[in-house]
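Peer 1: Pasting the sequence and the predicted coordinates here, then a few questions.
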Amino acid sequence: MKKDLHFRVLSTVLTLAGLLAVGGKVSAAVPGSPHDLYGQKYLMVSEEKLGSNPQCLVCHLSSPEERPMIWQTVPPSLQYLGSVGITCASCHDGVSIVDRNVDAGLTVFHPDSHGLDLSSPPTDTQVTDTGLPDVTDGTMTCLTCHDPHDQANRPFLRVPLSGLCTRCHPGKVPLGYGSENSTGNHPTSVEPFDNTGGASPISIQSYFAVPFPVNYPNRDGIMATIGHWVLGGHLSNGNVGRIECMTCHAIHGSQDNGPVESLLAKDPVRRISDEFCEGCHRGQRGDGEMEPPYPNPGGTITARTYHPADNDISNGVDSGVAIADSVDLAGYIWGEYDPETELPRIICTTCHRAHNGMRNSPCLVDIDERIRSNSDVTTFCEICHREPPFGHHGYNEWDSSPSGGLTIQIPLESGDLGENGEFGFVYGNELSSNTVYCAHCHRAHNAGYLRNEEDYVPILVEKGVGLCSICHIVGVTHFMGDPTLPSTYNKDASNLKRDPWPVTNKTSYYEGEGTSPTGVTCLSCHNLADPAADERIIDHYLLAPAGEDAEWTTGYPEEYLCTGCHGEAPATVGGGETHPLMTADSFKYPDIKVSQLLPGETAVTYTPDGSINCHSCHQVHGAAINGGLYILKICRGENLDPKAIQPRVDFTDLCDSCHPYK
């Protein structure tokens, strides 16, 4: 027959009493401590009796006859506490001793407090070789973490609080930071600030920074206003210091509330936002609305520089990219449904998780195995964004044509794009080289850090030349920069087209300060924004037709990309005439002579109807090296600077293509 639980409790207590009798050092630590119930006046005794150290007998009973049993067996409601826990609860139950400094009935002894049963421990939990009392029998007790005789590590902990959790949970320790975080766990033992890829404001709220109390009174501590300990989240030094496990986790709840989900320091309410994450990560909103919630965890304050989240509309009401319509996404965490879109809101924990996230990432959620096995998804962004929207730059592919292969070099070494990661990171599994991924162009936070354009394209890492040049190595190319500067062409900016192009109804982007910037960039000719249903998509994402096949009606130069800015009769610097274009009599010279081309040169061409356009003589990207910024297809000469603003060139072989030298 099994012995009843009370007998087992008594056996344990008697064993502890024997240990106490052997080691006087243990008992000497109790007088004057919070566990000295007589000295603290929780129990009353004469001064004469106090001199005989009766403190030990409060917990260590010599026999059951000296203290009457209330129950013959322990009630079922207390059996889960184990033998030692029942002894602790006899004072800390909130009934035996009525004092807020002792009452733990709704916190420590709450059923949702830290679990004691280790028969099926959580993932990454270690139950041996922890340096704590052995728990190999599958059960924790209060004594696993606490030593009631030693308060050197308050509150009566066996090791300092900042290092206690990882004794049993070593798998939750982060190794590395950002893209080098090999475990996918939230950083710990770090100061509460982040400057990776641009400053990210971190504002620690009070429930994560509960101060450590001052020393507990050595005598007469009953009902003291200075508590022995204050429950809640703590930095390494209470309300200051480093972020630790105990910052986010309050193992026994907060001072006034019992434990919540995952033993967190704040109830993780997830409706419009994840209120737990935004208890620290709270950047300024870009939509002009007042806080909270705080959907922007980055240091940018401009709209369209961070991924949409919560109820923020700074990317535009209708600017969202389609999310995969799949039951696979049901396994991820979402906020409440938005009544306007009838879709669940994206919140912090939709994309991030504090523990066991995607390896080598900033705590990103991993790709669900169902998604991985049923699709070609290999990167984080594709969990939701499976197909690019209409007119979007392609991804998971690249231009393998001969011309594309010569000019496109897609970087993918360690996943780090740019020397300091300024162009973002590609996060995923089984990544392929020479493949375009979302992160080549986009960053979810701090996109375009320190930029302030109001028309900033959503979450691009850069805008203009800096973005496109990540992959496109185009050699001698069309002028990029400000043509109004004395160091360049010293021209006014009146010829820069600023109204929408007729065919695509899109507008050129120019870089620079003020309301009318004049810096020519890649996006002055190309546009990757989503087109409207009735808008035309042109090859290479051009804003207007261009190239060998493009023709336009005389008198309407805005229909053609080059003439939209340069006009139908562009003159060289200093004035002069230009070669006839669409009106040229090409039938007079019907045959184009293809001379022996040098490396980097391209043959002259006519349009399909035999006309001449800008592209007949000029190559916008990959022009002849000696052609300089005139971007000529054929150019000969020596000692020519290909980057010179006004290079001296030899046009002979170019002209001879149509006008054979006699």
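Peer 2: Right, received. Where do you want to start? Every value quoted in this text rests on a predicted model; they were computed, and no experiment measured them. Residues are numbered from 1 along each chain as shown.
Peer 1: Residue nearest the middle of the chain, spatially speaking?
Peer 2: residue 362 (5.5 Å; C-alpha atoms, centre = their mean).
Peer 1: quick one: it and residue 179 touch, right?
Peer 2: Yes. Between residue 362 and residue 179 a contact is recorded at 7.5 Å, counting by C-beta atoms under 8 Å. For every residue, glycine as well, the C-beta is placed using N, CA and C.
Peer 1: ok, and what's touching stretch 351-362?
Peer 2: 123-124, 171-172, 176, 178-186, 248, 277, 307, 363-367, 380, 415, 425, 427-428, 444 (C-beta atoms under 8 Å, 6 or more residues apart in numbering).
Peer 1: List only those of these flagged as buried.
Peer 2: The neighbour count (16 or more other C-beta atoms under 10 Å) marks 172, 178-179, 181, 183-186, 248, 277, 307, 363-367, 380, 415, 425, 427-428, 444 as buried among these.
Peer 1: So which of those residues sit within helices?
Peer 2: Residues of those located in helices (DSSP state H): residue 248.
Peer 1: Give me the phi and psi for the residue lying closest to residue 58 once chain neighbours are set aside.
Peer 2: What sits nearest to residue 58 in space, not counting adjacent residues and going by C-beta to C-beta, 6 or more residues apart in numbering, is residue 37, at 5.4 Å. Residue 37 adopts backbone torsions of phi -70, psi -20, taken as degrees, to the nearest 10.
Peer 1: wait, what's in contact with residue 37?
Peer 2: 43, 55, 58, 91, 97.
Peer 1: so which of the residues you listed comes closest to residue 156?
Peer 2: The shortest approach to residue 156 among the contacts of residue 37 belongs to residue 91, at 12.8 Å (C-beta to C-beta).
Peer 1: ok so, going back, distance of the residue nearest to the centre of the chain relative to residue 174?
Peer 2: The gap separating residue 362 from residue 174 is 10 Å, by C-beta to C-beta, to the nearest Å.
Peer 1: Next, show the common contact partners of these two.
Peer 2: Shared contacts of residue 362 and residue 174, defined by C-beta under 8 Å, 6+ apart, are found at residue 181.
Peer 1: Tell me the buried residues in stretch 124-137?
Peer 2: 127, 130, 132, 135.
Peer 1: any idea of the mean pLDDT for that stretch?
Peer 2: What stretch 124-137 shows for mean pLDDT is 81.
Peer 1: which outside residues touch it?
Peer 2: 118, 121, 138, 141, 143-145, 158-159, 167-172, 355-356.
Peer 1: Would you write a ChimeraX line that selects the buried entries of the residues you listed?
Peer 2: To isolate the buried ones among those in ChimeraX, judged by 16+ other C-beta under 10 Å, type:
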select :118,121,141,143,144,145,158,159,167,168,169,172,355,356
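Peer 1: Mark which of the contacts of stretch 124-137 are part of helices, please.
Peer 2: Short answer: these in helices (DSSP H) are 143-145, 167-168.
Peer 1: would you turn these into CSV with distance to residue 480?
Peer 2: Supplementary listing: these in CSV, determined by distance: C-beta to C-beta, whole Å:
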residue, distance to residue 480
143, 70
144, 65
145, 63
167, 58
168, 58
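Peer 1: residue ranges of the strands in this structure, please?
Peer 2: Along the chain, the stretches classed as strands by DSSP state E are 510-511, 519-520.
Peer 1: Among those, show the one with the smallest mean pLDDT.
Peer 2: strand 510-511 (a mean of 86).
Peer 1: What is that one packed up against?
Peer 2: Under the contact criterion of 3 or more C-beta pairs under 8 Å, 6 or more residues apart in numbering; DSSP states H and E, strand 510-511 touches strand 519-520.
Peer 1: I figured residue 90 was touching residue 96, is that so?
Peer 2: Yes. The criterion here is C-beta under 8 Å, and residue 90 meets it with residue 96 at 5.9 Å.
Peer 1: Where neighbours are concerned, which of the contacts of residue 37 has the most?
Peer 2: residue 55 (22 neighbours; other C-beta atoms under 10 Å).
Peer 1: Hmm, that one is touching residue 32, no?
Peer 2: No. Using C-beta under 8 Å, residue 55 is not in contact with residue 32; the gap is 9.6 Å.
Peer 1: Could you pull out the residues contacting both of these two?
Peer 2: Taking C-beta under 8 Å, 6+ apart as the contact rule, residue 55 and residue 32 both touch residue 39.
Peer 1: Number of residues surrounding the nearest residue to residue 612 once chain neighbours are set aside?
Peer 2: Spatial nearest neighbour of residue 612, chain neighbours left out: residue 584 (4.5 Å); criterion: C-beta to C-beta, 6+ apart. When neighbours are counted by other C-beta under 10 Å, residue 584 registers 17.
Peer 1: again, but for the one 4 residues further on
Peer 2: Residue 588 has 8 neighbours, counted by other C-beta under 10 Å.
Peer 1: now residue 652
Peer 2: Neighbours of residue 652 using other C-beta under 10 Å come to 12.
Peer 1: where's it relative to residue 481, distance?
Peer 2: For residue 652 relative to residue 481 (C-beta to C-beta), the value is 29 Å.
Peer 1: where exactly do the helices run in the stretch 501-650 of the chain?
Peer 2: Taking DSSP state H, counting those that start in this stretch as the test, the helices found in the stretch 501-650 of the chain are 561-566.
Peer 1: Same question for the stretch 151-300 of the chain.
Peer 2: 161-168, 245-248.
Peer 1: What lies in contact with the shortest one?
Peer 2: With contact meaning C-beta under 8 Å, 6+ apart, helix 245-248 is reached by 161-162, 164-166, 169, 172, 186, 188, 204, 208-209, 233-235, 264-265, 276, 354.
Peer 1: show me the residues around residue 104 that make contact.
Peer 2: 92-94, 252.
Peer 1: Among those residues, which lie within helices?
Peer 2: Per DSSP H, the subset of the contacts of residue 104 in helices is residue 92.
Peer 1: Same list (the contacts of residue 104) but as CSV, adding neighbour count and pLDDT.
Peer 2: Output for the contacts of residue 104, formatted as CSV (neighbours: other C-beta atoms under 10 Å; pLDDT from 0 to 100):
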residue, neighbour count, pLDDT
92, 19, 88
93, 18, 85
94, 17, 82
252, 21, 90
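Peer 1: with the contacts of residue 104 in mind, which one is nearest to residue 313?
Peer 2: Of all the contacts of residue 104, residue 252 has the smallest distance to residue 313: 40.6 Å, by C-beta to C-beta.
Peer 1: So that closest one sits against residue 233, correct?
Peer 2: No. Between residue 252 and residue 233 there is no contact, the gap being 11.7 Å when judged by C-beta under 8 Å.
Peer 1: low pLDDT regions in the stretch 151-300 of the chain?
Peer 2: Low-confidence segments of the stretch 151-300 of the chain, defined by pLDDT under 70: 195-199, 226-227.
Peer 1: rerun at 50
Peer 2: For the stretch 151-300 of the chain, no stretch has pLDDT under 50.
Peer 1: now the stretch 401-550 of the chain
Peer 2: 401-406, 413-421.
Peer 1: make it 90
Peer 2: 401-481, 483-495, 502-507, 509-517, 521-523, 526-541, 547-550 (pLDDT under 90).
Peer 1: what's the spacing between residue 506 and residue 525?
Peer 2: Residue 506 is 11 Å from residue 525, by C-beta to C-beta.
Peer 1: residues bridging contact with these two, i.e. touching both?
Peer 2: What both residue 506 and residue 525 touch, as defined by C-beta under 8 Å, 6+ apart, is the set residue 543.
Peer 1: My guess is residue 458 contacts residue 304. True?
Peer 2: Yes. Proximity of residue 458 to residue 304 meets the contact threshold set by C-beta under 8 Å, at 4.8 Å.
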